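In: just a sequence and a predicted model for now, questions to come.
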Amino acid sequence: MLRLAVFDVDGTLVDSQAHILGAMAHAYGMQGRDCPPREAVLAIVGLSLPQAFARLESGADAALIERLVTGYKDAFGSMRARTSSPLYPGARAALDDLAGRDDVLMGVATGKSRRGLDHLLAAHRLEGYFQTRQVADDHPSKPHPSMLLAALRDAGAEPRAAVMIGDTSYDMEMARAAGCRRLGVAWGYHSRRELLEAGAERVIEGYEALLPTLEEFWAET
């Protein structure tokens, strides 16, 4: 049976919090507003930008949300041009191991734009690793299952043989809605408790545990 491993990006493959926090500070500063605290900002990582700002600014009018989104994109793009967010320790080795298997395809499901994802993959020379790439440009925001359903179609995989790997409750809720297996990672932006409450079947502490845990999941299919 064909197996599919789908990765979130920010907080799962790469540690992008410095860029995220910097872009948020810029976006709010351009509007003469105080940036929300770090914990509030990291809590919305994974959502598409309009939904993220709508959650941070409950009741705000659409024009303000649009200005914040634009300011964030401009700042993030400028920082991205200077330096890329680093891969988490062990990420590349795990991807290399999975890429060497004939029975496994890999994908990405991210709140990033396609331009942002393409830039990141090029910066880390990961362009050939992912057979399906689902981005915010083409889908409703997580936790809607649209991204994973498209990934399943692209790969020709069954939901029970697909595992969503992510660091936020939105990833786990999306996977549950799509009927996929759910693996949380503890090094990202949501807590272990939040991941488990959102439906994570397991939460791992480091990339060294990724492949053994995936094998356990796939052995059950």
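Out: Done, it's in. Residues are numbered from 1 along each chain as shown.

In: what about Thr83, distance to His19?
Out: Between Thr83 and His19 the distance is 8 Å, computed by Cβ to Cβ, to the nearest Å. In this view, the C-beta of every residue, glycine as well, is placed from N, C-alpha and C.

In: the two: which is more packed in?
Out: His19 (22 against 10; other Cβ atoms under 10 Å).

In: and the closest residue in space to that one that isn't next to it in sequence, how many neighbours?
Out: Nearest residue to His19, sequence neighbours excluded (Cβ to Cβ, 6 or more residues apart in numbering): Met79, at 5.0 Å. The local packing count at Met79 equals 18, with neighbours defined by other Cβ under 10 Å.

In: so is Met79 in a helix, a strand, or just coil?
Out: helix (DSSP: H, G, I helix; E, B strand; the rest coil).

In: from what I can see it touches Leu21, true?
Out: No. Using Cβ atoms under 8 Å, Met79 makes no contact with Leu21, being 10.4 Å away.

In: overlap in contacts of these two?
Out: Between them, Met79 and Leu21 share no contacting residue under Cβ atoms under 8 Å, 6 or more residues apart in numbering.

In: stretch 55-62: how far from the chain's middle?
Out: 23 Å (Cα atoms, centre = their mean, to the nearest Å).

In: is Ala200 in contact with Leu183, as I believe?
Out: Yes. If you go by Cβ under 8 Å, Ala200 and Leu183 touch, sitting 6.8 Å apart.

In: so what are the domain limits for this protein?
Out: 3-15+86-219, 17-82 (automatic domain parsing).
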